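Engineer: Return atomic coordinates for the entry below.
(chains A and B)
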Amino acid sequence: GAGVSQSPSNKVTEKGKDVELRCDPISGHTALYWYRQRLGQGLEFLIYFQGNSAPDKSGLPSDRFSAERTGESVSTLTIQRTQQEDSAVYLCASSLALAGGVGELFFGEGSRLTVL
Amino acid sequence: KNQVEQSPQSLIILEGKNCTLQCNYTVSPFSNLRWYKQDTGRGPVSLTIMTFSENTKSNGRYTATLDADTKQSSLHITASQLSDSASYICVVSAYTDKLIFGTGTRLQVFP
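Structural biologist: Numbers count the residues shown, from 1 in each chain, chains lettered A, B, ... in the order given. This is a model prediction of the structure:
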């Protein structure tokens, strides 16, 4: 597609349920990032993929959070046993990887997660 | 510690006026600095990317400056429009895969 696509755009779930958020990056973009943005706050880094590998998972807040990427394309962020503090917008971004730094980031519109 | 600080936290201006947003950073080794615009409920959109050797870059009514010696950047918006109401995020890339995000400046433009 022309841009980064995320689904679902909105998800309401009950505390304790598992959720999966999907990101389709721009075709050919080898780098993929997940961020979390709580209401009125800045972006928090969660995890970064280069191809299908995740060299930096340092932002995952707990072992309830996991992510995978397959085929150097689609990525799924899974949150197990959701808690109310997980309520946020989850943003995905992709870029061409550049030597010596990060290429221009293209963001999706985000998945808004509400945990009741 | 790598940090990006933005000021002011929020700003209200009247349509047609100019404004300047500030970004100070302590990121090393520095690769580039970006400004993003984030409309409410949307993903951020890139406005400018500047490398060490660039000290000014324009994108329409948006002009970003970079002083790599003092580690400061500014985003100047000329002749503001209602559609400029958004959060503006300064992001600094270290010469690795790391991006350090500022918390943003929330701009509101009123008629």
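Engineer: Who is residue B:32 paired with across the strands?
Structural biologist: Taking DSSP bridges as the rule, residue B:32 bridges to residue B:51, residue B:93.
Engineer: residues in contact with stretch B:55-74?
Structural biologist: B:20-27, B:30, B:33, B:35, B:47-50, B:52, B:54, B:75-81, B:84, B:90 (Cβ atoms under 8 Å, 6 or more residues apart in numbering or on different chains). Backbone N, C-alpha and C define where each C-beta goes, glycine included.
Engineer: can you tell me which of the residues you listed are in helices?
Structural biologist: Among the contacts of stretch B:55-74, no member falls in helices (DSSP state H).
Engineer: Which helix or strand in the chain has the lowest average pLDDT?
Structural biologist: Reading this off chain A. Ranking every helix and strand in chain A by mean pLDDT, DSSP states H and E puts strand A:101-102 at the bottom, with a mean of 63.
Engineer: wrong one, chain B
Structural biologist: Lowest mean among helices/strands of chain B [mean pLDDT, DSSP H and E]: strand B:99-101, a mean of 87.
Engineer: which strands and helices sit next to that one?
Structural biologist: strand A:43-50, strand B:3-7, strand B:86-94 (3 or more Cβ pairs under 8 Å, 6 or more residues apart in numbering or on different chains; DSSP states H and E).
Engineer: residues in chain B within reach of chain A, list them.
Structural biologist: Residues of chain B that fall close to chain A, judged by Cβ under 8 Å from any Cβ of the partner chain: B:31-32, B:34, B:36, B:42-46, B:49, B:89, B:91, B:93-99, B:101-104.
Engineer: Kindly recompute the last result at 10 Å.
Structural biologist: B:4, B:6, B:29-32, B:34, B:36, B:38, B:41-46, B:49, B:51, B:87, B:89, B:91, B:93-104, B:106 (Cβ under 10 Å from any Cβ of the partner chain).
Engineer: Give the PyMOL command for selecting the buried subset of those.
Structural biologist: Of the residues of chain B next to chain A, the buried ones can be selected in PyMOL as follows, counting by 16 or more other Cβ atoms under 10 Å in any protein chain shown:
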select buried, chain B and resi 4+6+30+31+32+34+36+38+43+44+49+87+89+91+93+94+97+98+99+100+101+102+103+104+106
